[in-house]
Structure formats: structure tokens, C-alpha cells
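*Asks:* would you be able to build a 3D model of this:
(one chain, ligands or ions: 1)
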Amino acid sequence: MKNKPKETNFDRDKLLRDVERNDQVWDMLVIGGGATGLGVALDASSRGLRTLLFEQSDFAKGTSSRSTKLAHGGVRYLAQGNIKLVFEALYERGLMLKNAPHLVSSIPFIMPSYRWWEKYFYGIGLKIYDRMAQKFRLGKTSLLGRTAVLDRIKNINARKLNGGVQYYDGQFDDARLAINLAQTSIEQGGVLLNYMKVTELLKDAQGKLNGVVVKDLERGSHFRVHAKIIINATGVFVDDILRMDNPGADTLLKVSQGVHLVLPNDFLGSDRALMIPSTSDGRVLFAVPWHGHVLVGTTDTPLDRHQLEPKPLKEEITFILETLTSYLQRVPTEKDVLSVFVGLRPLVIPEKQVKRTKEISRDHKLKVNGSQLITITGGKWTTYRKMAEDTVDQAIQIGGLAGSACRTESLKIHGYCESKADRGNWGFYGSDARAIETLKKDNPDLDRPMHPDFPFTPVEVIWAVRHEMARTVDDVLARRLRILFLNARAAMELAPFVAQVMAMELDRDKKWEDRQVEDFCAIARNYLVDQGTDAPQQGERTRKPRAMENSGSKTKI
Ligand SMILES: Cc1cc2nc3c(=O)[nH]c(=O)nc-3n(C[C@H](O)[C@H](O)[C@H](O)COP(=O)(O)OP(=O)(O)OC[C@H]3O[C@@H](n4cnc5c(N)ncnc54)[C@H](O)[C@@H]3O)c2cc1C
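*Replies:* Purely as a prediction, here's the structure:
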């Protein structure tokens, strides 16, 4: 491989060495590398605060890679009368589009109407929604006749269809934005590390927090780090950290699970999204084109436990497929599902009792403990920037930190690039695409797709390791290239080859490679709907990806 740099600025080993060597007191230590924690780290570092972030797994491994990928105000929250949240989220949607145009875009949504009054009723609400975006309005909401809807969504169920409404909203790639936020924060002077689990909070004689004990999950070693302010941004895990601070702490969150199914794009037959305004359980369901596939979701199932790899319930899959039968002409079955992914919502338990989790507000919550632990949770991906601004303002105030005013409203995110052309595969590399292309030109033998269904080559795997802090096969296939979320079987087929490329880059042995493949396949099996039937089992060989067919040996990479 030509052009191998010694170190990049997103190099985990180098950043970790700096943290271990330097026993400085950080201004702010953020626990959790999802949208919320990354937003806080970016806000703090860009204000000149010495900022450190620890993520126990990979960046966005939790909820932040498992969203519906909508940068939106939330049509549903408008119906619930939460005007403030909708205004705030529409404004933030506009900023996301302005500062990360390589990852966030506007797409038309069609809401089909099967009863004469529906398009007028919802049309009024959607016109209000679009006006509320003010200067960040994405496009004009319009009422459509039957033919216009049939033209726009080829597989829509035509029976009794009498038209629809078209409105505009934002769409993005959640895990890619997370990686770019981390990169931007590092460029602003922050230090962010994945696979670092905070296991203990440290306090001074007055009971104020002054540091943490953290475990490096790669090496198994523990060490202490000191900071003036600690931020708990751990999503559905915030109660675990709150109990580290105070074992008797009340529970802050209610967790609810949301499932998405990924189908081949011809089940929509459109580059527009479909919005189903009211499912049988009174929710909104979306079918959204995403990276050449269609993503359908979501559900809202209350849970009593939380974990990093939540599993779908059979009834959630059935619910989504059954809902689609009323809206699509050719209806998908379980066999058509390429991937199923699940996310857990951190919902702040309201003071007033509610019957169902869908009624819990999506507003964010900032909580300050007597120990000065600051917890930030709830909210939405779309509002991550505002959540971060509020958190850092609070931290500066209680910690007496010397941070400047918030800068993130106009701070361009890593990869920023306006031109749509030339952004690399799926348009998500933005300004990095040029460097990836150069790497391909210098290594033409590596410039061929690894799998017949996906455009990525081994060069993108190498890029992910060198410049995007990918440490495991799951990091690459789930959150850097998104293949696990699009087609779980293809991802399993690719795992051995990706492990081989990564082992060379990271200087790991065959045992590491084998364990990576095994671990990844154990995760990926949960993304297959038919996992009990013909899914590849542990140890079973999957189809060899194209790039391995002729050049499987290590020396050729
Ligand atoms: C199904 C679903 C669909 C959604 N769709 C949308 C949408 O379309 N648009 C939108 O705007 N919002 C959406 N949301 C909401 C949005 O995804 C979440 O609000 C957001 O991702 C939460 O981010 P977070 O950083 O708070 O949590 P997480 O992403 O879960 O991050 C918390 C991180 O903390 C880490 N952590 C935990 N404990 C420790 C520890 N001890 N040490 C170190 N690290 C630790 C975890 O590993 C995890 O990575 C959706 C949510 C769900 C569930």
C-alpha cells in the first residue's frame, strides 16, 4: 500500500498516548460519544476549552446510528402541540443543512390520502409546518391529485387513493455525521477516544466531581483522568452514571425501542419518501429512500432494560409489514427484509403521568447534581447542537470555565463541501473524497468493489482505519460504510475480507482476524429477520466477496 502516513490527527494510539502522558486537568470531560456527547465535545473544544471525550464502544454505536435519519422538526410534535420543540428543531435542521451539506439534504415527502378530507386536513398542518421553518424553509408544501401521487411513488397502493400532500424535510446519515463531528472537535483541539469505558467517578473532599477512572477496552488497563466538569451524555445509560454519582438516585429515563426495516428500493419506486400519518397505534410511519434502499420505521415499544445491541421483537416487524400492506401495491414480506435495526430512545420521565411512551415529550433535559455532574439527555439528533450549547453554557457557569461564546451555529463540519458532484461513494465523504480518490489512483490494484451490491473498495476500509478511528469490523461495516444497516447478509459476506484488510493496517494477527469475524457475525445475525432459518451460523462460511476471489493473500493488499 502506497501513501501510508505515520500518524493522522484521528489516530487513537497517538491520542491515547497524549492523554496518558499528560496528567493535565481537563476543563471538561464528556462521557458518551453519541450525537449528544459529540455535540458537547465540539461545542466545548470550539470555545477553547480543553475537552476530552470517552466513548465505551464506537462513536454512535448506541442510538445515534439507529435513527430514522431525518433532520426534522417533527410533524408529529406539531400535532401534539409542542410548538417550541418544532420551531427549535426546524431551526436546527436549517443549521445542519448549512454546516454539513455533504451529509444532510432536503427531500420531498408524500403523504397519500385515501379519504377525501385527509389531504386538506393534513395539508393545512403541513403548510403550517413548512412556514414555521421561516428562513430555513426547504420547499413549498402542495396538495397533489391522484395521478401526481401515482407518478411520484410507483409502488403506492392505487385503490381508493384520491391524492396526497407533498412537503419537504431533511435527511442525513447519522453515524457519518457522528464521525465528522468527532473529527471537527479534534480539529478544534479536543481529544476524543473510542473503546474507553468510564467505570468510576472521582470526587474531592467537598464531594465535587474532579475526575473519572476509565478502562481502555482494547488493552484492558485502567487509569485516572482529572477534569473540572464532567458531562454525562450517555443516552439510555445516563441512569447508570447518575447511580455512580449517587447510588440512591431516582430513575430519570424511560426507554422505548424503535425498529426499522430496510428493503430494496423498488418497494417504494421513488426518490421521494412516503409518510403515513396515522398507524393503527396512532403514530407516524416513514418509508424513506436511503443509500439506494428504502428504510421503513419506526415502532415505539417501552422496555425495562437497555443494551448496546437491542433486538427487534417479532411483533414489531409484523406491525411494520402489516402497516405497509394498506399503502403499497406490491407488498414486502419478511423474506424481502435486507436488514432490521433497532434503536433505544432515552425519554425523560415526565412529572405528569402519561399512558404511552409516544406521548412523552422529545424535549431535552439538563440536570445538575450537587456533585456538579451535568447530565444531558432526551432531545433528538436534529437538536444535538442546541443541546450542546445549553450544556456548555451551564458548564462554563458552574465550573467557572474561561470559554468563549458558542460558535457552532456557523462552524462548518468536517467534510463540508457544497458541490454535490465528486463527494465519493454515496456522497458522504464530502471534501475527503478527493484524498480517497488519490489513494485509489496510487493503489489501482485495490480500486475494485469488495461486493457486487456495494461500491466500496478496500481503500475505503483503509481510510476508515487511518482517518476515522475504525477499530473493529463492526465499526467499518456498520457505521463507516453503513452496509450492515442496508444488507446484513452482504455485511457478513464481507466480514472476513474487511478483517484481513484491517489486520494489515492495524498490525494484528490471524487470531484477531478470526475473532473479529466471529464477533461481527454474532452482531449481524440480529439484523437478519429470518435468523432462525437460513441465516449463516457461527463458523459457517459465507459467500466470498468479489475482491477476495483472486487476491485473497495478505501480501497483495
Ligand atoms: C428508533 C429511533 C429513531 C429516531 N429517529 C430520529 C430522527 O429521525 N431524527 C432525529 O432527530 N432523532 C431521531 N431519534 C432520536 C436520536 O437518535 C437520539 O435522540 C440521539 O441519537 C441520542 O443520542 P445520545 O448521544 O444521547 O445517545 P447515544 O447515541 O445512545 O449515545 C450514548 C453513548 O454513551 C456511551 N456510553 C454509555 N455508558 C458509557 C460509559 N460508562 N463510558 C463511556 N461511554 C458510555 C454509549 O456507548 C453510547 O454510544 C430517533 C431515536 C430512535 C430510538
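*Asks:* give me the residue ranges of the stretch 451-557 of the chain where confidence is low.
*Replies:* Confidence mapping of the stretch 451-557 of the chain against pLDDT under 70 gives the ranges 531-557.
*Asks:* do the chain as well
*Replies:* Flagging of the chain using pLDDT under 70 yields the residue ranges 1-7, 353-361, 421, 531-557.
*Asks:* could you point out the longest helix of it?
*Replies:* Once the chain is assigned using DSSP state H, the helix that runs over the most residues is helix 488-506.
*Asks:* in it, which residues are buried?
*Replies:* By neighbour count, with 16 or more other CB atoms under 10 Å as the criterion, the buried positions of helix 488-506 are 488-505. All C-beta atoms are positioned from the backbone trio N, CA, C, and that covers glycine.
*Asks:* what segments of the stretch 351-500 of the chain are strands?
*Replies:* According to DSSP state E, counting those that start in this stretch, the stretch 351-500 of the chain carries its strands in the segments 364-368, 374-378.
*Asks:* next one: the stretch 151-300 of the chain
*Replies:* Counting by DSSP E, counting those that start in this stretch, the strands of the stretch 151-300 of the chain are 163-172, 191-193, 196-203, 209-216, 221-232, 253-264, 273-276, 285-290, 293-297.
*Asks:* for the ligand, find the nearest of those.
*Replies:* When the strands of the stretch 151-300 of the chain are compared for distance to the ligand using CB to the nearest ligand atom, the nearest one is strand 253-264, at 2.4 Å.
*Asks:* buried residues in the closest one?
*Replies:* Buried residues in strand 253-264, counted by 16+ other CB under 10 Å: 253-263.
*Asks:* would you list the residues you listed in CSV and tack on distance to the ligand?
*Replies:* Written out in CSV, the entries for the buried residues of strand 253-264 read as follows (distance: CB to the nearest ligand atom, whole Å):
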residue, distance to the ligand
L253, 10
K254, 12
V255, 9
S256, 7
Q257, 7
G258, 2
V259, 7
H260, 7
L261, 12
V262, 13
L263, 17
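*Asks:* the ligand contacts on the stretch 201-350 of the chain?
*Replies:* Proximity of the stretch 201-350 of the chain to the ligand is confined to 233-237, 258, 298, 308, 343-346 under the rule CB under 6 Å from any ligand atom.
*Asks:* continuing past the longest helix of the chain, what's the next helix or strand?
*Replies:* Along the chain past helix 488-506, the next helix or strand (assigned with DSSP states H and E) turns out to be helix 510-524.
*Asks:* about what we covered before: buried ones among the residues of the stretch 201-350 of the chain next to the ligand?
*Replies:* Among these, the ones that count as buried (16+ other CB under 10 Å) are 233-237, 258, 298, 343-346.
*Asks:* the residue positioned nearest the centre of the chain and A249, how far apart?
*Replies:* Central residue check for the chain by CA atoms, centre = their mean: the C-alpha nearest the mean position is that of S65, 2.4 Å away. Applying CB to CB, to the nearest Å, one obtains 28 Å for the distance of S65 from A249.
*Asks:* residues near I349, how many?
*Replies:* Using other CB atoms under 10 Å, I349 has 13 neighbouring residues.
*Asks:* how about the contacts made by it?
*Replies:* If you count contacts by CB atoms under 8 Å, 6 or more residues apart in numbering, I349 has them with 251-254, 360.
*Asks:* what about 10 Å?
*Replies:* In this structure, I349 makes contact with 250-254, 360, 365, judged by CB atoms under 10 Å, 6 or more residues apart in numbering.
*Asks:* same deal with L373?
*Replies:* Applying CB under 10 Å, 6+ apart, we find L373 in contact with 31, 201, 203, 208-209, 229-232, 241-242, 244-246, 249, 367.
*Asks:* give me that answer again for 8 Å
*Replies:* Residues counted as contacts of L373 (CB under 8 Å, 6+ apart) are 201, 209, 230, 232, 241-242, 245.
*Asks:* let's have those in CSV, adding neighbour count.
*Replies:* CSV is the format used below for these (neighbours: other CB atoms under 10 Å):
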residue, neighbour count
L201, 20
L209, 23
I230, 29
N232, 30
I241, 21
L242, 23
D245, 19
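*Asks:* kindly reformat those as TSV containing distance to D474.
*Replies:* Compiled in TSV, those are given as follows (distance: CB to CB, whole Å):
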residue	distance to D474
L201	28
L209	32
I230	28
N232	25
I241	24
L242	28
D245	30
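*Asks:* ok, these vs F286, which is closest?
*Replies:* The shortest gap between F286 and any of the contacts of L373 belongs to N232, at 30.6 Å (CB to CB).
*Asks:* please name the bridge partners of that closest one.
*Replies:* Here N232 shows beta-bridge partners I31, T375, assigned using DSSP bridges.
*Asks:* surely it meets V238?
*Replies:* Yes: contact status for N232 versus V238: in contact at 5.5 Å, counting by CB atoms under 8 Å.
*Asks:* overlap of the contact sets of the two?
*Replies:* Taking CB under 8 Å, 6+ apart as the contact rule, N232 and V238 both touch 375, 377.
*Asks:* spell out which parts of this structure neighbour the ligand.
*Replies:* Applying the criterion CB under 6 Å from any ligand atom, the portion of the chain that neighbours the ligand consists of 31-37, 54-57, 61-64, 66-70, 72, 197-198, 233-237, 258, 298, 308, 343-346, 377, 379-382.
*Asks:* mind checking which of those are buried?
*Replies:* If you count burial by 16+ other CB under 10 Å, the buried members of the residues of the chain next to the ligand come out as 31-37, 54-57, 61-64, 66-70, 72, 197-198, 233-237, 258, 298, 343-346, 377, 379-382.
*Asks:* which ones are touching the residue nearest to the centre of the chain?
*Replies:* Each residue near S65 by CB under 8 Å, 6+ apart is listed here: 174-175, 178, 478-479, 485.
*Asks:* put the buried members of the residues you listed into a ChimeraX selection.
*Replies:* Applied in ChimeraX, the following selects the buried portion of the contacts of S65 according to 16+ other CB under 10 Å:
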select :174,175,178,478,479,485
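*Asks:* so which of the contacts of S65 comes closest to L328?
*Replies:* Nearest to L328, judged by CB to CB, of the contacts of S65 is F485 at 21.3 Å.
*Asks:* pretty sure that closest one contacts G343?
*Replies:* No: no contact is recorded between F485 and G343 when judged using CB under 8 Å, the distance being 10.9 Å.
*Asks:* list the contacts of the nearest residue to I462 once chain neighbours are set aside.
*Replies:* Counting by CB to CB, 6 or more residues apart in numbering, the nearest residue to I462 once its immediate chain neighbours are dropped is E505, at 5.7 Å. E505 makes contacts with 461-462, 465-466, as judged by CB under 8 Å, 6+ apart.
*Asks:* go on, A503?
*Replies:* A503 touches 509-510, 512-513, 516, counting by CB under 8 Å, 6+ apart.
*Asks:* any of the residues you listed buried? List them.
*Replies:* Neighbour counting by 16+ other CB under 10 Å classes 513, 516 among the contacts of A503 as buried.
*Asks:* from the contacts of A503, which is closest to the ligand?
*Replies:* Sorting these by how near they are to the ligand, with CB to the nearest ligand atom, puts Q516 at the top with 19.1 Å.
*Asks:* my read is that that closest one contacts M502, right?
*Replies:* Yes: if you go by CB under 8 Å, Q516 and M502 touch, sitting 7.2 Å apart.
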